[in-house]
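> A predicted structure for the sequence below; I have some questions about it.
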Number of protein chains: 2
Amino acid sequence: MDIGSIGEFGLIERIRKITKAHNPDKNLLLSIGDDAAAYIPPKNRITVITTDTMAEDVHFDLSYTTFFEVGWRAGVSNLSDIAAMGAEPGYAVVNIGIPLKWTVENIEEIYRGMTESMSLSGCVIIGGDCVKSEAKGFISVTVTGSAEKNRLAKRSEAKPGDFIFVTGSIGGSRAGFEILSKNRDQTDYKKSVNKFLKPVPRIKEAGGLVKNFDVRCMIDISDGLSSEISHICTQSGTGAEIIGDKIPVHPEAKKFAEKNGYDPLTYALASGEEYELLFTASPENSEKLIKSDFVRDVCPVTKIGFITDKKGIFVRIKDNKVPIAERGWNHFS
Amino acid sequence: MDIGSIGEFGLIERIRKITKAHNPDKNLLLSIGDDAAAYIPPKNRITVITTDTMAEDVHFDLSYTTFFEVGWRAGVSNLSDIAAMGAEPGYAVVNIGIPLKWTVENIEEIYRGMTESMSLSGCVIIGGDCVKSEAKGFISVTVTGSAEKNRLAKRSEAKPGDFIFVTGSIGGSRAGFEILSKNRDQTDYKKSVNKFLKPVPRIKEAGGLVKNFDVRCMIDISDGLSSEISHICTQSGTGAEIIGDKIPVHPEAKKFAEKNGYDPLTYALASGEEYELLFTASPENSEKLIKSDFVRDVCPVTKIGFITDKKGIFVRIKDNKVPIAERGWNHFS
């Protein structure tokens, strides 16, 4: 269906129905349909707010991504940022730039994907703006959340002696992306492709880390592990040493890298949009974490190195210490 | 300067410097530079949140708008929504989609414009996302604010018998836009052009209306008065009667309309991006407002009609009652 046939307000009404599928929340006073949305913020908690844009042919390619997946990923990139603060997502507002070639059904699928990924953590879309775009499409999502006052996980809180951990495995998202974008055979790479198209943010996991293991320094892997560790070190005024063979490279990423003449470790360190968490913990909390049920029952975590007081980030590969290159995703370069 | 030469993180650092010009706020815990920004929300107040996108060649045209003005207007469109709730702006996050042709200096000007318009009401940019856009540029701004619990001004609170008011005058923004976009002589239309390029949101005025005259139904004029009155009536389940010759048509808009063969009233009713406020007040509060110093000292307001219990929106022109057409801005039509 052509958007012109229902107009901007008809479109908003359809979107409202999709996003309202979820909980009537007693703290939500006004949702889609007024000049602004309004809610009662949770008592005695800090507000966190993050925003992320996905632009057509930069962050998503409709030749191998469904509209549902575009929406899903737009939601996740924000939810993952909220997770990385150790916070709980609350509400979202969404801007969508719509090229005239997109149909009403396409747009509905985007909102279904977004709503579904957000509903995993109880996050509700409560407002937004739908505009025409003269060229490519784009989606800008803003998510607010809340955290306990003294339990915010910042990039700047790494301390020399802290151990560095990563959740899950890395590299899969990059492999999935390359298989899709280069139209390769997906048979042996189903998990990687799925990791790229339908990533799951580590919200509950982040909450557990902050609450039970006093994690105060965390970042999500959106640009690549090497880039994220560099953010942590810059903002904490520290260095870091990563133990190369401890990095949990996704098995499919390892296979894909080897098959295509890349070094698997280097390949994985530069893999963006993983939405895994990179965090540090004190030696005592690291010990406690490794021995806990958390690793078995909630989320696999791997100790991959430690924070140093001397600046510089190195990867130890056998007996060599190689300075790490910030090889993550960087727009405009 | 080419963005490639400083990269995404170099650009963010420059933006951070521009936006941080303003107040070190003790409630602001984390600003640009982490996964999310964080702040302590004002106690015992409701949070309001709104978001708006300005897309190149849809909402702004760089052939007659400076980058500073683009930023200014992107800020104002959101601030005006916060005003329309009777709320105070707090913080903003900004997404920018950057075509490769924009220079670092262009982008800095956008942020200078945005920061300057926001600083008028103490609103501070605390986060965002800078992405490459494959085609046209765009800016999506989200602003949060806060309001007193029982003083939220909604679209749905108009009551039959309420009088309808508008702040300032209308039509100027449309005249300004048409003069600029058609490259006409600006000599006699300087105020209109300025109204279009550098609108000022009615934040303090809205606060005064809500606090002193118990205004509970308000909307800002972003799509056109006829469209906004229709939103109020739909959501309040009422009708309205507007007295045609009471509408405060901007003198330059009247002149421009007459010169170009339009009916000035119809012209003004469809003028968008005015960022004036349309609101209703009970007969007692209306009386109080009209007689108050507010109208003289703070903001001109004009009584333009009244709310009816019978559905339908009419404009009375002499002895005729003409049904109002929703002639405001509507994307995709």
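Nice, I can see it. Residues are numbered from 1 along each chain as shown, chains lettered A, B, ... in the order given.

> Could you use CA atoms for every contact and neighbour count after this?
Will do.

> give me the beta-bridge partners of the nearest residue to A:V131 once chain neighbours are set aside?
Nearest non-adjacent residue to A:V131, counting by C-alpha to C-alpha, 6 or more residues apart in numbering or on different chains: A:G97, 5.0 Å away. On the basis of DSSP bridges, A:G97 is bridged to A:V131, A:F138.

> Tell me the pLDDT of A:G97.
Note for A:G97: predicted pLDDT of 97.

> in the helix or strand harbouring A:E287, what's buried?
Assessed by DSSP states H and E, A:E287 sits inside helix A:283-291. Across helix A:283-291, burial judged by 16 or more other C-alpha atoms under 10 Å in any protein chain shown covers A:N285, A:S286, A:L289.

> next one: stretch A:135-149
Within stretch A:135-149, the residues scored as buried using 16+ other C-alpha under 10 Å are A:135-148.

> The nearest residue in space to A:S121 that is not next to it in sequence in helix, strand or coil?
Closest residue to A:S121 apart from its sequence neighbours, by C-alpha to C-alpha, 6+ apart: A:P89 at 6.7 Å. Following DSSP: H, G, I helix; E, B strand; the rest coil, the label given to A:P89 is strand.

> Counting neighbours, what do you get for A:P89?
27 (other C-alpha atoms under 10 Å in any protein chain shown).

> Is it correct that it is in contact with A:S80?
No. Between A:P89 and A:S80 there is no contact, the gap being 9.4 Å when judged by C-alpha atoms under 8 Å.

> Specify the local secondary structure of A:V93.
Going by three-state DSSP: A:V93 is strand.

> next one: A:E134
Per three-state DSSP, A:E134 ends up coil.

> Next, it: phi, psi?
In terms of degrees, to the nearest 10, the main-chain angles of A:E134 are phi -70, psi -10.

> Identify the residue spatially nearest to it, adjacent ones excluded.
Using C-alpha to C-alpha, 6+ apart, the closest residue to A:E134 is A:P99 (6.1 Å).

> same thing with A:V301?
Closest to A:V301 by C-alpha to C-alpha, 6+ apart is A:T167, at 4.3 Å.

> The biggest helix by length in chain A: which residues count as buried?
In chain A, with assignment by DSSP state H, the single longest helix is helix A:67-84. Of the residues in helix A:67-84, A:67-84 count as buried by neighbour count, 16+ other C-alpha under 10 Å.

> Please list which of those residues are also close to chain B.
A:D81, A:I82, A:A84 (C-alpha under 8 Å from any C-alpha of the partner chain).

> what pLDDT does the second one get?
Read that as A:I82. Confidence for A:I82, expressed as pLDDT, is 98.

> Report whether stretch A:280-299 contacts chain B.
No. Stretch A:280-299 stays out of contact with chain B when judged by C-alpha under 8 Å from any C-alpha, the minimum separation being 15.3 Å.

> and if you look at stretch A:50-62?
Yes. Residues of stretch A:50-62 contacting chain B under C-alpha under 8 Å from any C-alpha: A:T50, A:T51, A:D52, A:T53, A:M54, A:A55, A:E56, A:D57, A:V58.
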